[in-house]
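Participant: Could you work out the structure for the sequence below:
(3 chains)
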Amino acid sequence: MDFILQVLIIIGIHSILTMSLNYVAGFTGLMSINHAAFYGMGAYATAILSTQYDWNFFLTIPVGIVIAGIVAWLVSFPMLKMKEDSFVLVSLGFAIIMFNIMQNWTDLTKGPLGIKGVQAPMLGDFSFFAKPLFLVLVIVAAALTYWFLNRILKTPYGTILKGARENETVARVNGHNVVSYQRSAFVVGAIFAAIAGAFIASFISFVNPKAFELIISVYLLIMIILGGMASLPGSILGAFIMLTSLEVLRFAGVSAEWQQILYGFILIVIMFFRPQGILGKYKI
Amino acid sequence: MQILLNGIIVGGIYALIALGFNLIFSSTRFFHVLYGVLALLGAYFTYTFMEYGWNFFAAIPVAALLASLLGVASWQFLYKPLVDRKASSLVLMVTSFGALIVVQNLIALIWKNNTKSISITDTIKPAYEFLGLNITFNQLVILAVSIVLMVLLELFLKKTKYGLAIRAIGDNAELTTVLGLHTNRITLLVFFIGTFLSAVSASLIALEIGARPTHGLHYFFLKAVIASIIGGIGSMRGALIGGLLLGVVENIGIYYLGGSWQEVVAFSLLTLFLLFKPQGLVNQMQLAK
Amino acid sequence: MKILNDLSFTIKEGSITGLIGPNGAGKSSFFNALFALFPSTGSIKLEDIELVGKTPNQVNHLGVCRTFQDSKLLPQMTVLENLMLSSKYSETVTLRRVFFDSKNLSEEQKNEQAQGIKLLRKVGLEKKAHILAGDLSYGQSKLIEILKLFMCDSKLILLDEPFSGLFPEMIKVITRLIYELVESGRTIIFVEHNMKLISEICDHVIVLDAGTKIAEGTFDHVRKIPAVIEAYLGD
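Facilitator: Numbers count the residues shown, from 1 in each chain, chains lettered A, B, ... in the order given. From the prediction side, this is the model:
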């Protein structure tokens, strides 16, 4: 039971990641593979502030949000100048640079050793350490994420995001400042990734760079490609499928390498037979 | 000056890797991410042959040949079916990524995750001195083979019928398709040559850095892309200049900042170019809007 | 490479002008340049406002709308969504309003969508409102492209071969819509190869060849000018 709660918590946290990534990639059309970098920023903000300065978990979240938001905003300037495929490349570069910073800026992040002892969330004397309570917290966060993103997507704002994805020229000719919409989507995506990061830091109570390396961003992309591009329920589905299959495979003794081979294979199969994913509304 | 020499020798390898990549890119117009891992496979094949007692110089061509066949197969069986279905370059890139994950992990399964090293001889050879600069035996070999390959490639592109066709395709892919020049046979050839160059380069640089599964993406593919963008994607001249420049700047960076920031130096150079000169130094294709 | 040279003409407000010329004369390029879809040097003025240096969306805000030669409806979005995209209203929906003004927003959104459906009803396509635009026939998508112009609040409309590839019935419908647009106070410039339509619809014709204006006037006047005949003979 305890184990199931753990898996659900991880799925919940990853749902926040996949929904926000889908907002950026599936709805707005920015194929970002640097999502884990913002995930990491949120996690490190929480880890550093709570272990070194004794901050309350809930107060560390806004800090992570602000940091991720500002970095996303800044980085969007060069990134959004790139055409489709080249955008992916710069995104890759940014992910690697962020990883290197986490590894090498040891004064701040303690490098590969990581930061231990991140506390569970507390409100006064009440602790959310117990798994059922933490799960409730995560579900609330995921639900808020869904509500927030869905709200936007149902309005003409969302239509413009999709229009920018489909054909930037047409969107521009219709009077929309495409770059500023893309920028806003990128920043919003980063913010929710940072929120997820705060939760993972507290749950695992340990952060280190390896949790935010490039392959994690790729996994997130596989989750939304599988579950469905441009679909919020699809994002949750993708996270669910990949994470439960990960546990099942691990249980069956399948090595990490074979797991990854499976995921790579799934990616190829999806591209060949169903590029929009299971519940998806958008084909790349 | 020593830094410059070291930079040029490594840069030569980067240039070869970028040349192969550009050859393929100008013909197919998508990012064949799998490229780096196939190059790495060439290095692993070389390692394995040498484990069986082969001589380094005998192992490389055979290893590169094997890798090239896989490169050709990736076009024929992985990409071409999608291209025939009018798949976008993004779909091809994602597919390539999937293949990369598969092959990289197969490498990890077969050869394990630790770094494999290759050396040409069993004894440690002394470094040579030339005009006040040090050059090791390995570096000499790398330099020599790089130069030979580049000259052969140049001759091929300038003097042979196929070479001219390939250059024409690089200049104008649509027109050459209409003219019937851009045949599947040429694309297969391009994949063969490109993979061959990268596989030999990977084996050579393995003398210095060994071979590990993550090198495919994090080293070979990234170097190819960065050098190509600096030089100008789609340009042979550009790949050469880009590779050499990357090698030199990296070595300067390592000297002043230390080895752990090497990736950051390389990527910062990439970002600067993408920001200010996205078409590269030799002004070929448009990567920015 | 110079594509357009010293193009200058005055167009009467509320008129329909035809832009004709042999292939490669620069007609579509003129539209693209006006909309800053490629960088230009020199000067392009709309009522004394300089367009060179502006971005496409800024040009649109100055009151210009256009269609494209090949239907540029967004295939993976619905017909209604495509119409909404051209609506001036969509720009007013900021993120702040999404969260803090949601009541008004949903009212307004309903109205906009009702307007869109009314437009579709005009041409009998209201049932297609929620169909993906990629599933429309060629003729239907050309129709929707014109309908988009009703949603966009513009003074000047540029149509790039609005009649190409259409059957006569469809041509009649589109002609009717164009007249309607003019009646509501808009000015229209359109590129066409079909001379019969040009002679029927246009008040004024401009002839382009190799990036320069070689003639201007009514259709009857222009078709007799030797330079024009020569330009077409060479085509």
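Participant: The closest residue to C:Phe38 other than its chain neighbours and C:Gln69, how far apart?
Facilitator: Distances taken as Cβ to Cβ, 6 or more residues apart in numbering or on different chains place C:Asn32 nearest to C:Phe38, at 5.9 Å, with adjacent residues excluded. C-beta coordinates here come from the backbone N, C-alpha and C atoms, glycine included. Remark: distance between C:Asn32 and C:Gln69 (Cβ to Cβ, to the nearest Å) = 11 Å.
Participant: higher neighbour count, the two?
Facilitator: Higher neighbour count among C:Asn32 and C:Gln69: C:Asn32, with 22 against 15, using other Cβ atoms under 10 Å in any protein chain shown.
Participant: Which of the helices or strands spans the more buried one?
Facilitator: In this structure, C:Asn32 sits in helix C:27-34 according to DSSP states H and E.
Participant: Outside of that helix itself, which residues are in contact with it?
Facilitator: Helix C:27-34 is contacted from outside by C:3-4, C:7, C:19-21, C:38, C:40, C:44, C:46, C:51, C:59, C:64, C:66, C:69, C:158, C:160, C:191, C:208, C:211, using Cβ atoms under 8 Å, 6 or more residues apart in numbering or on different chains.
Participant: In helices, which of these fall?
Facilitator: Residues of these located in helices (DSSP state H): C:Val59.
Participant: Contacts for the longest helix seen in chain C next, please.
Facilitator: Criterion DSSP H: the longest helix present in chain C is helix C:102-122. Applying Cβ under 8 Å, 6+ apart, the contact partners of helix C:102-122 are A:151, A:155-156, C:79-80, C:83-84, C:87, C:89-90, C:93, C:97-98, C:126, C:128-129, C:147, C:150-151, C:177.
Participant: Check stretch A:161-177 too.
Facilitator: Residues from elsewhere that reach stretch A:161-177 (Cβ under 8 Å, 6+ apart): A:27-29, A:152-153, A:160, A:178, A:181-182, A:185, A:230, A:282, B:289, C:35, C:37, C:55-57, C:60-61, C:65-66, C:68, C:72, C:74-77, C:81, C:85-86, C:88, C:90-91, C:148, C:152.
Participant: Any idea how many residues pack against residue 166?
Facilitator: Because you didn't say which chain, this covers chain A. 22.
Participant: not what I meant, chain C
Facilitator: Applying other Cβ under 10 Å, I find that C:Leu166 has 18 neighbouring residues.
Participant: Likewise for B:Val265?
Facilitator: B:Val265: 19 neighbours (other Cβ under 10 Å).
Participant: can I have the helix holding C:Asn32 written out in PDB, keeping just the CAs?
Facilitator: Provided in PDB are the C-alpha atoms of helix C:27-34 (Å, rounded to 0.1, in the frame of the first residue of the first chain):
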ATOM      1  CA  LYS C  27       2.200  40.300 -57.700                       C
ATOM      2  CA  SER C  28       2.400  37.900 -54.700                       C
ATOM      3  CA  SER C  29       5.700  39.500 -53.800                       C
ATOM      4  CA  PHE C  30       4.000  42.800 -53.500                       C
ATOM      5  CA  PHE C  31       1.500  41.400 -51.000                       C
ATOM      6  CA  ASN C  32       4.300  39.700 -49.100                       C
ATOM      7  CA  ALA C  33       6.400  42.900 -49.000                       C
ATOM      8  CA  LEU C  34       3.500  45.000 -47.800                       C
END
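Participant: A helix includes A:Ile97, no?
Facilitator: Yes - A:Ile97: assigned to a helix according to DSSP: H, G, I helix; E, B strand; the rest coil.
Participant: how near is it to B:Leu244?
Facilitator: A:Ile97 is 23 Å from B:Leu244, by Cβ to Cβ.
Participant: What are the boundaries of the strands in chain B?
Facilitator: Using DSSP state E, the strands of chain B run over residues B:128-130, B:133-135.
Participant: Mean pLDDT lowest where, among those strands?
Facilitator: When the strands of chain B are compared by mean pLDDT, strand B:128-130 comes last with a mean of 77.
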